[in-house]
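[1] Pasted the sequence and its predicted model underneath.
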Amino acid sequence: MTSIKKFHHVGIPVSDLERSLAWYKDVLGIVSANITGEGSGEMLEQMLEVPGADLKAAFVQVDANTQFELLQWKTPASEPFTQRNCDIGAVHICFEVEDIHAAYEQLKEKGVHINAAPALLDGTGGDLDGHWFCYFRDPDGVQLELMQLPVAVAA
């Protein structure tokens, strides 16, 4: 196999693409890239192993090197997200922030479901000691995370 060049993106199925794009913009300040598309047909069905696949998608640019894809399936009908963080395949995206406490307060003000207040890994996190983290959910209940690096690491 040829060498992996770099990370490209993570895809997240959503129930309403326009609602999710607005949420990521309004709540997290992340604006979608100008890369959108729709797809269906036999090739897509085979590639994704989803009979009747018909979807639309948009890429969301976090920074110059990081993006993720939001996909709304027209068919087949999607099931709501019900996975726990411990379930196989329950991937989450973690966003680095400078001030996790301010970000936490902003999420609270916007009515975002937050699992718990930010916590400090201290004495139990190994190499992660000194990092702050906090989990929250997008409009479809998908788990997301905030992380603040220790001052010495972030500098």
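    Ah, there it is. What you see is a predicted model; the values in this text were computed from it and never measured. Numbering: from 1, shown residues only.
[2] Find the residue at the geometric middle of the chain.
    Against the mean C-alpha coordinate of the chain, by CA atoms, centre = their mean, the closest residue is I93 at 4.1 Å.
[3] residue contacts, it?
    V10, I12, F68, L144, E145 (CB atoms under 8 Å, 6 or more residues apart in numbering). C-beta here means a position set from N, CA and C on the backbone, and glycine is covered the same way.
[4] Apply 10 Å and report the result again.
    V10, I12, V60, V62, T66, F68, D138, V142, Q143, L144, E145 (CB atoms under 10 Å, 6 or more residues apart in numbering).
[5] L48 too?
    Here L48 is in contact with G39, L55, L71, W73 (CB under 10 Å, 6+ apart).
[6] Out of those residues, the closest to C86 would be?
    If you rank the contacts of L48 by distance to C86 using CB to CB, L71 comes first, at 23.9 Å.
[7] picking up where we left off before, could I get the contacts of L48 as CSV with neighbour count?
    What follows is these, written out as CSV (neighbours: other CB atoms under 10 Å):
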residue, neighbour count
G39, 16
L55, 20
L71, 18
W73, 19
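[8] Mind pulling up the pLDDT for the residue nearest to the centre of the chain?
    If you check I93, the pLDDT there is 93.
[9] Equivalent analysis for Q83, please.
    For Q83, pLDDT reads 89.
[10] how close does the residue nearest to it when sequence neighbours are not counted sit to Y135?
    Using CB to CB, 6 or more residues apart in numbering and skipping residues adjacent in sequence, the residue nearest Q83 is A90, 3.9 Å away. Distance of A90 to Y135, computed by CB to CB, to the nearest Å: 12 Å.
[11] who touches both of these two?
    By CB under 10 Å, 6+ apart, the residues touching both A90 and Y135 are Q143.
[12] higher neighbour count, the two?
    Y135 (17 against 13; other CB atoms under 10 Å).
[13] All the strands of this structure, residue numbers only.
    Ranges of strands in the chain, per DSSP state E, are 10-14, 32-40, 54-63, 66-75, 93-96, 119-120, 132-137, 143-148.
[14] In terms of mean pLDDT, which of those ranks lowest?
    strand 32-40 (a mean of 82).
[15] and the angle from that one to strand 54-63?
    160 degrees (axes from the mean of the first three to the mean of the last three CA atoms, to 10 degrees).
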